[in-house]
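Colleague: Predicted model and sequence follow; I will ask about them next.
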Amino acid sequence: MENPTQRGCGRGGDRGGRSLGYSSNKRRRRRVVKSQHKKMASMAEEIGKQVDPTICYVINVVNSQGIWRAENPLVKSLPVFILQVAITLLTFRLLLLILKPLSQPRFIAEILVGLAVYPGIMSIGGGVAMKVFPYDSLAVLETAANLGLVFHVFLIGLEMDLNSVNMAGGRAFSIAIAGIIFPLGLGIASFFWLTGDQNPSLNAGGAVLWGLSVTVTGVHTVTQVLASLKLLHSDLGKLAMSSAIINEIFLWAILAVTIPITNEFRTSFWAVLVTTGFVLFSIFAVRPGIRWVLKKYPEGERLTEGQIFLILAAVVMSAVATDACGSYSIIGAFVFGLAFPTGDRATEIMEKLEDMVTGILVPLYFVTCGIRINVESLMDSDTVVKVVVVVAILCLAKIMSTLLVHVLYNMSIQDGFGLGLVLNSKDIMALVILNIGRDTLRFNGEMYTVMVAAMVVMTGIVVPVMNLVYQPRARFLRHRNRNRSLEKSQVDGDLRILTCLHQIRNVPGIISLLEASNPNPRSPVNVCALHLVELTGRASAMLMIHNSQNSTTSQAPLHPRSTQAQSDQIVTAFGELQRRHHALSVQSLTVMSPYATMDEDICNIAEDKHVSLALLPFHRQQTADGQMEEEGNSAVRRVNQNVLANASCSVAVFVDRGFGSLGYPHRRICMLFFCGPDYREALSYSWRMAGHPTAMLTVIRFIPSKKAADLQTLEDVADDFGGILTAITEYENQKSLDDEFMENFRIKTSGDENILYSEIVLNNGEETVTAIRGMDHNYDLYVVGRGHKVLSPLTAGLNEWSECPELGAIGDILVTSEFSSTSSVLVIQQSGGAIMAEPGSPAGSEDDEDLNGFEHPNWRPEGENDAFDPFTRNTGRENGRSV
């Protein structure tokens, strides 16, 4: 019989044998692993002992071997990225060209790039789409795009001037705050209405981000919209710019708090606390430190490559710091740009970076936004309805909030509506907020697509609706019918002059001419000095517009190659002019505008300031040998021609040949008088200059003989003046006005030894040229009329040979290289329809309706109110100083 104990032990022994075998196998495997580890460690030690270690990696992931080895270059990351950049930039430039006639801002072209490039290529077909935008290439594209975004927001902070916020009035603050609160609340409500979520607490973060994107007002976009509407320098434009800047600063502060909360609520307190510490450290430690370092370098020197590298490294490190704090990288870049001191250094950095950043990298960011867009959903009628509803609700929120503030400040409904509509303009900041919400899954692709489409519509309708409702161009056309001139101005009123300057070289001659205009306490001269700069859409150009709202001026010497420095030097020069003459007041303004529409800005400002004379520099400059340039600046010439054609005031073109280098004892002025209102206007201005104690005026009147004024002579040139009867009638009327005006002039100046008058009788234009060339050219300044739209036998036919018709026949003769004189020339055109004011008539009273453009205390005459002739010579002491 089998022993159970043995059987049990045997089974137990089998189990024990199997356990022992398992343990031994496990120990053997451990020994093998240890042996392998020792071998790998010894191999690593051997590699480390080698003098030139070799590391292997797959090189053809980035670079292609070329088509000569039968390879497809589009499977490599670098060729694909270059192709994506090329397609993006070509599409962007094409859209800018298409949208330019529509006066649409740059943001519309940028966002349409995102809607066109990736979705457009994907719609072609899977094969082509996956070759141009393969999935593994999107990481490289996103990296480059976000790097460009970091530097872009750095430039935004760099160009923002906090002084403009401090100087903004309560009205701008109220509009900005109301433009945040009301749209934010309505945006959050619309988000929950569109999503219809049963558990709103889960989507609270998405609702806040959605509402913040609604409150965005793009400063750059608002600037471009106002410039296209010719409202940039109006009261509405200044208020819109101030409100937009305040809105953007507050929005950045709100965003810095919102992002940590929406990312992770449990750690949001520490993230917000550390981010706040970073901001305070940047403002109170980094900013003074940068100022201390910059003071070590002489003014006027360019930043070195090493300094630029350190600044860019600081931008990247600031972005990394805020990202590590739990916020977003762009917060750090923006704060560092805001902490960097404003001035010529900041302008130089922008000039070095903006072409690369805004021209190449930023469009890539919009392409990455297009990757997130669901284009197919835009074809759905429900989505279209949502877009329309969002546009209607959110536009109404901005407009109603602005109208509410306007009612509190007793402003017009039209201005409130127009301002609210302009403040609906969006920029890249709105897309950044939406991308944060989309990437953190706070809302889906359909909601993202709806809001992006709504932004395109909201920004795109601003210009056409403003043209329809506010009608700025119709306002400009109405201004053309309100003519002002020196001849019809009040004899005891102030003289308002608008001076235009394109460069520093224009300043000395213009200032000398203003000093010669005889400013005195009873008839002061009020000057609006415009520094005209071409608007290119660059970030530094936007900086000039923002600073133009600021009345403070830096007195430090700035870099002469900087546009900002030129503006500051011009402001400083005119400030010194105002300090020298208590009866001469100056308001300086930098005007940014494309050359194609710069004349409209000049005409609008001339109307807003109610000026009597707009002073333009000639497009050619004097060379070192005393001659004039052959070509000159053709863009400036077109601006002058358009101002002459459209201005509602008198216009003078000044050809400076060293008039600014003259001292007070050397102002010998010669006025050549022919026929017509332009010459009466020129004599009026010369008569005023003759009142200055240092001026010597010679007036030469050219009178046509009876032979020159016969019917046959007039018939030869009458075709250009509406026919023979019209030409003869107009000529007789103008001649009668000339005789009356000249008789008045001779009576009032008969006892003045410093004013000489003579007459020359001629037969035709050829004798006119001969007489002018044979004159004694010992004069510093010639003053003539342009002579347009008036027939004169003595200038008939001369315009056909003119090189510069904008100077008129006589002005062109004086400026031409064949004329031996090197005197400066002032050519004046009277505003159309001007007639000579009768004594005691209220001529020019319409100009007194609005004086808000001139707020300097010296711009109103003080003391005696009795009648005073500004053309009478001022003797003794002028403006409280000896002359």
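Modeller: Good, I have the coordinates.
Colleague: avg pLDDT for stretch 796-810?
Modeller: Throughout stretch 796-810, pLDDT has a mean value of 82.
Colleague: now could you export just the CA positions of that stretch as PDB?
Modeller: Provided in PDB are the C-alpha atoms of stretch 796-810 (Å, rounded to 0.1, in the frame of the first residue of the first chain):
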ATOM      1  CA  ALA A 796       0.200 133.800 -72.500                       C
ATOM      2  CA  GLY A 797       2.100 130.800 -73.900                       C
ATOM      3  CA  LEU A 798       4.700 130.700 -71.200                       C
ATOM      4  CA  ASN A 799       3.000 127.800 -69.500                       C
ATOM      5  CA  GLU A 800       3.600 125.600 -72.500                       C
ATOM      6  CA  TRP A 801       7.400 125.700 -71.800                       C
ATOM      7  CA  SER A 802       7.100 125.400 -68.000                       C
ATOM      8  CA  GLU A 803       9.100 122.600 -66.300                       C
ATOM      9  CA  CYS A 804       7.000 123.000 -63.100                       C
ATOM     10  CA  PRO A 805       3.400 124.100 -63.900                       C
ATOM     11  CA  GLU A 806       2.600 124.100 -60.200                       C
ATOM     12  CA  LEU A 807       4.800 127.300 -59.900                       C
ATOM     13  CA  GLY A 808       3.000 129.100 -62.600                       C
ATOM     14  CA  ALA A 809       4.700 130.800 -65.600                       C
ATOM     15  CA  ILE A 810       6.600 133.500 -63.700                       C
END
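Colleague: can you confirm residue 511 is in a helix?
Modeller: Yes - assessed with DSSP: H, G, I helix; E, B strand; the rest coil, residue 511 lies in a helix.
Colleague: Verify the contact between it and residue 577 for me.
Modeller: Yes - counting by CB atoms under 8 Å, residue 577 is a contact partner of residue 511 at 5.4 Å. Heads up, the C-betas are built off the backbone N, CA and C, glycines and all.
Colleague: which stretches of the stretch 701-850 of the chain have low pLDDT?
Modeller: 708-728, 817-821, 832-850 (pLDDT under 70).
Colleague: Could I get the full set of strands for it?
Modeller: 755-762, 781-785, 824-829 (DSSP state E, counting those that start in this stretch).
Colleague: One more: the chain?
Modeller: Ranges of strands in the chain, per DSSP state E, are 495-501, 525-534, 584-593, 613-617, 650-655, 667-673, 695-704, 755-762, 781-785, 824-829, 877-878, 881-882.
Colleague: For residue 103, find the nearest of these.
Modeller: Of all those, strand 584-593 sits nearest to residue 103, with 12.7 Å by CB to CB.
Colleague: partners of that closest one in the sheet?
Modeller: In the sheet, strand 584-593 lines up against strand 525-534 (parallel) (DSSP bridges).
Colleague: Run the angle between the partner strand and strand 613-617 for me.
Modeller: On the basis of axes from the mean of the first three to the mean of the last three CA atoms, to 10 degrees, strand 525-534 is oriented at 40 degrees to strand 613-617.
Colleague: Pull out the buried positions in strand 525-534.
Modeller: 525, 526, 527, 528, 529, 530, 531, 532, 533 (16 or more other CB atoms under 10 Å).
Colleague: Could I get those residues in TSV, plus columns for distance to residue 645 and pLDDT?
Modeller: Listed next are the buried residues of strand 525-534 as TSV, based on distance: CB to CB, whole Å; pLDDT from 0 to 100:
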residue	distance to residue 645	pLDDT
525	26	92
526	25	92
527	24	92
528	21	92
529	23	91
530	18	90
531	23	90
532	17	89
533	22	85
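Colleague: Turn these into JSON lines, columns for distance to residue 96.
Modeller: Below are the buried residues of strand 525-534 laid out as JSON lines (distance: CB to CB, whole Å):
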{"residue": "525", "distance to residue 96": "43"}
{"residue": "526", "distance to residue 96": "40"}
{"residue": "527", "distance to residue 96": "37"}
{"residue": "528", "distance to residue 96": "33"}
{"residue": "529", "distance to residue 96": "33"}
{"residue": "530", "distance to residue 96": "27"}
{"residue": "531", "distance to residue 96": "26"}
{"residue": "532", "distance to residue 96": "23"}
{"residue": "533", "distance to residue 96": "20"}
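Colleague: Cheers, nothing more for now.
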